[in-house]
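Trainee: model this:
(2 chains)
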Protein chains: 2
Amino acid sequence: VVVPPHLNEFQRIARFFAPLAAPGALGLLDDVALIDGPPGMQYVLKTDAIVEGVHFRPDDPPAQVGQKLLRVNLSDLAAKGAAPVGYLLMTALPPSRDEAWLAEFAAGLAADQATFGIGLLGGDSVATPGATTLSVAAIGRVAAGRAVLRRGARPGDLIYVSGTLGDAALGLKAAAGGLAGIDAAARAFLIDRYRLPQPRLALGAALVGTARAMMDISDGLVADLGHICEVSGVGATIEAALLPLSHAAKASLAGEPALLGSVLGGGDDYELLFTAPAAAAALAELGERIGVAVTAIGRIEAGQGVRVLDPEGRPVAVPVAGYQHF
Amino acid sequence: VVVPPHLNEFQRIARFFAPLAAPGALGLLDDVALIDGPPGMQYVLKTDAIVEGVHFRPDDPPAQVGQKLLRVNLSDLAAKGAAPVGYLLMTALPPSRDEAWLAEFAAGLAADQATFGIGLLGGDSVATPGATTLSVAAIGRVAAGRAVLRRGARPGDLIYVSGTLGDAALGLKAAAGGLAGIDAAARAFLIDRYRLPQPRLALGAALVGTARAMMDISDGLVADLGHICEVSGVGATIEAALLPLSHAAKASLAGEPALLGSVLGGGDDYELLFTAPAAAAALAELGERIGVAVTAIGRIEAGQGVRVLDPEGRPVAVPVAGYQHF
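Mentor: Residues are numbered from 1 along each chain as shown, chains lettered A, B, ... in the order given. Reported below is the predicted structural model:
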C-alpha cells in the first residue's frame, strides 16, 4: 500500500476511516452518529479518548481525570442538543496506576454520574505497558430528526459561543508553570477550566430548533468554526473584540497580548459554538435563564474559510490551527 | 482512600465500577448492556480493547489486528444472540504506527465490515507516547427480552461449546516459537486461530430461545464457565474426554499432554459456551446446518464451582485460572 509520507489527524480520518462509514455516521464529518431509538427518538453516539501526556498531565487529580473523560464526551452530546443516557468505559492502565488512583478516578465518575443523571453501561478494564489510556463511548437521546448537526450554517447566520474562550489553553500554560503575571485566584480559575470542562447540556437542548449548526470547541475556536464552514459550504468572519473573555483571561492578555492566539486557537474549552438567524438579544436572554453566557462573535458568509478581524477591521493572524495529533 | 494492596481485574470491576452501573448494565456481570431500541427490539452494547504487547504482538499483520479488534466485540454480540449493527472505533497510535500500518489496519476493518454487514459509526483518532491501544464499542440488536444472558443456567442443563477449544492459546505459543513438535500446517492453523477469531453470529442468533445461559470464551473455558456458574448460582462438571479438539491441538497434546492446561485454561478462543436443556443431538444437527460444530462437554449441577473429570472420573487440575490483567 502506497501512502503519502505524513497525514494529519483529519487527513487520516478522511483517507482511512471515512470510506468505512455507516449510513448513520454522517460521513464521519460530524461529532456523532445517529441511530434509531424508541418511537420519536434517536440515539446519539460518541467516543472520545484521553491519553496521559497528551490530554491530561500525569499528576492531574484522578477524580478530575475521570470527570474530564466523561465530560468531553457529554460535551459532544450537548452540542447536538441531546440528553445523556449512559456510557461505556475502557481503561488501559499501567502498573503505576494503583488501586488508590483507580478509587479516586471512579469517585470522580460517580460524582459526575450524579451531576448529569447517567450510569455506566459497561466497559473493559485492561493492563497496558504504556501510557494510561481512557476511552468513553457515550450515548445520548434526541427527538428524531432534531439533532443539530455541523452542516446547517447559512450565510447571514450569526455565530455564537457559550461561556468564555481561551481559559483552558491558558490553564494548561498555568498548570505547566507559565502565566507568571496573574494572581493565584486567576491561575486556579484557569487550571480548573482546563481540567474540568462544563458540558453545556441544558443550553444545547434549549437550542434545538434554533441553532442551525452546532459543535463544541475542542480543537480551538478557529479550527472548529472551520469545520462548520467546510461541511456547510460557507465562510465566516469573527470580530476579535467580541470574543467573551473571563477576568482571568483578560488579566493574562493584558500582560501578554500575544496570548490572543490561545483564545482563537487553543483547544479544550468545550464551550458550544453555533450559528443561528440573527437573534442575539433573545439568545443572550436564553443563556441568562440557563446560567451560561451566550455571545454573538461574528457572522456566516458566502464563500469559505474563517477570518478574524480586529476593531479596525484588519485581519488578525491566527497562530495555532487547532490541535493536531499527527 | 484506603484499598487492599492488590485487586485482580474482576475485583477491581466489582469494587470500583459495579457501583457505577446503570440499570441496563446487568450489574456489569454480563458481557453487554441492553437499552431500548425501536419497537420490539433492544440494542446490545459492548466495548472491548486490545493493547499491543498484551492482546496482540507488535509484528502481527495490521489487517488481522483490525479484524481481531472488531471480532472480539462481535463475538460478545454473538454470545447474546444479537446481530451486529455498527461500531465506534478508538485508535491511540504511537509514532511508529505509520500510515502504511494504518492503511492495512483499515483494510482489515473494511474486509470484516463486508463479511459481517456492518459499518463504522464514528470514532476518535489520537496519538499516544505509549503502546498501540485500540478500542471498539460495538452495537448489536436483538428481539426485546430475548438476549441470552449469563445468569440463566440451571441444574440439569447440558454444557455446550462451539468449534474447537485451546487452538488460540496453542497458537500464541506457536507464534512465540513454541510447539516444536507439530508440522507447519498445524502451526499455521493454530496461529490463525489465535490471530483471527470467528465470531459465531449465526449460531448465537439460532440459539435464542434454546440456550439458557451463554457467553463467549475469552478468558478460558474453566474461568468463563465459572462466570456463568457464579451469576447463575450453580456448579458445573466438565468431562475432559468430551472437549472438542482440532487436529492441530490433538497433535500438540500428543507430544505434550500437559498442554491440556491450555485447552482448559487458555483464552482467546472466542467460541460460544452455553447451557441448554439436554438436546445434544438436535444441537449438533443445528451446528451442522450452520457449519460450526456444537459439542456437549458436561452438565450444570446444584452447588458451585467448576470441576473437570478425566475418563476415570478423577479430577483434573486446571493450571491456568483465566487471563488476569492485574
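
Trainee: Up against chain B, what does the stretch 101-250 of chain A have?
Mentor: A:102-107, A:109-110, A:113, A:118-131, A:133, A:135, A:137, A:139 (CB under 8 Å from any CB of the partner chain). Backbone N, C-alpha and C define where each C-beta goes, glycine included.

Trainee: Mind checking which of the residues you listed are in helices?
Mentor: A:102-107, A:109-110, A:113 (DSSP state H).

Trainee: ok and the residue in the stretch 151-300 of chain A nearest chain B?
Mentor: Closest approach between the stretch 151-300 of chain A and chain B, counting by CB to the nearest CB: A:Ser218, at 10.5 Å.

Trainee: That residue contacts A:Asp224, doesn't it?
Mentor: Yes. Counting by CB atoms under 8 Å, A:Ser218 does reach A:Asp224; the two are 6.9 Å apart.

Trainee: Mind checking which of the residues of the stretch 101-250 of chain A next to chain B are buried?
Mentor: Neighbour counting with 16 or more other CB atoms under 10 Å in any protein chain shown marks A:102-107, A:109-110, A:113, A:118-128, A:130-131, A:133, A:135, A:137, A:139 as buried within those.

Trainee: Spatially nearest residue to the residue in chain A positioned nearest to chain B (excluding sequence neighbours)?
Mentor: Closest residue of chain A to chain B, CB to the nearest CB: A:Gly130 (2.0 Å). Computed as CB to CB, 6 or more residues apart in numbering or on different chains, the closest residue to A:Gly130 that is not its neighbour in sequence is B:Gly130, at 2.0 Å.

Trainee: can you tell me which residues contact the one you found?
Mentor: Neighbouring residues of B:Gly130 by CB atoms under 8 Å, 6 or more residues apart in numbering or on different chains: A:51, A:94, A:128-131, A:133, B:92, B:94.

Trainee: just those now: which is nearest A:Leu283?
Mentor: Within those, distances to A:Leu283 taken as CB to CB reach their minimum at A:Val51, with 35.7 Å.

Trainee: Remind me what the helix or strand harbouring the closest one packs against, helices and strands.
Mentor: Assigned by DSSP states H and E, A:Val51 belongs to strand A:41-51. Under the contact criterion of 3 or more CB pairs under 8 Å, 6 or more residues apart in numbering or on different chains; DSSP states H and E, strand A:41-51 touches strand A:33-36, helix A:62-78, strand A:133-143, strand B:83-93, strand B:119-127, strand B:133-143.

Trainee: Can you add distance to A:Glu288 and give the ones you listed back as a markdown table?
Mentor: As requested, those are exported to a markdown table (distance: least, CB to CB, whole Å):
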| stretch | distance to A:Glu288 |
| --- | --- |
| strand A:33-36 | 31 |
| helix A:62-78 | 18 |
| strand A:133-143 | 24 |
| strand B:83-93 | 36 |
| strand B:119-127 | 34 |
| strand B:133-143 | 37 |
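
Trainee: With distance to B:Gly313 and mean pLDDT added, can I get those in CSV?
Mentor: Shown next, in CSV, are the helices and strands packed on strand A:41-51 (distance: least, CB to CB, whole Å; pLDDT from 0 to 100):
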stretch, distance to B:Gly313, mean pLDDT
strand A:33-36, 52, 96
helix A:62-78, 51, 97
strand A:133-143, 47, 97
strand B:83-93, 41, 97
strand B:119-127, 51, 94
strand B:133-143, 39, 97
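
Trainee: Would you tell me which of these gets closest to A:Leu242?
Mentor: Across the helices and strands packed on strand A:41-51, closest to A:Leu242 is helix A:62-78 (CB to CB), at 22.4 Å.

Trainee: packing partners for that closest one?
Mentor: strand A:41-51, strand A:83-93, helix A:99-116, strand A:133-143, helix A:201-206, strand A:213-216.

Trainee: Return the residues in contact with A:Leu201.
Mentor: A:74, A:77-78, A:83-84, A:116.

Trainee: ok, now with 7 Å
Mentor: Neighbouring residues of A:Leu201 by CB atoms under 7 Å, 6 or more residues apart in numbering or on different chains: A:74, A:78, A:83-84, A:116.

Trainee: Same check on A:Pro244?
Mentor: Neighbouring residues of A:Pro244 by CB under 7 Å, 6+ apart: A:161, A:163-165, A:293, A:295.

Trainee: can you do 6 Å?
Mentor: Residues counted as contacts of A:Pro244 (CB atoms under 6 Å, 6 or more residues apart in numbering or on different chains) are A:164, A:293, A:295.
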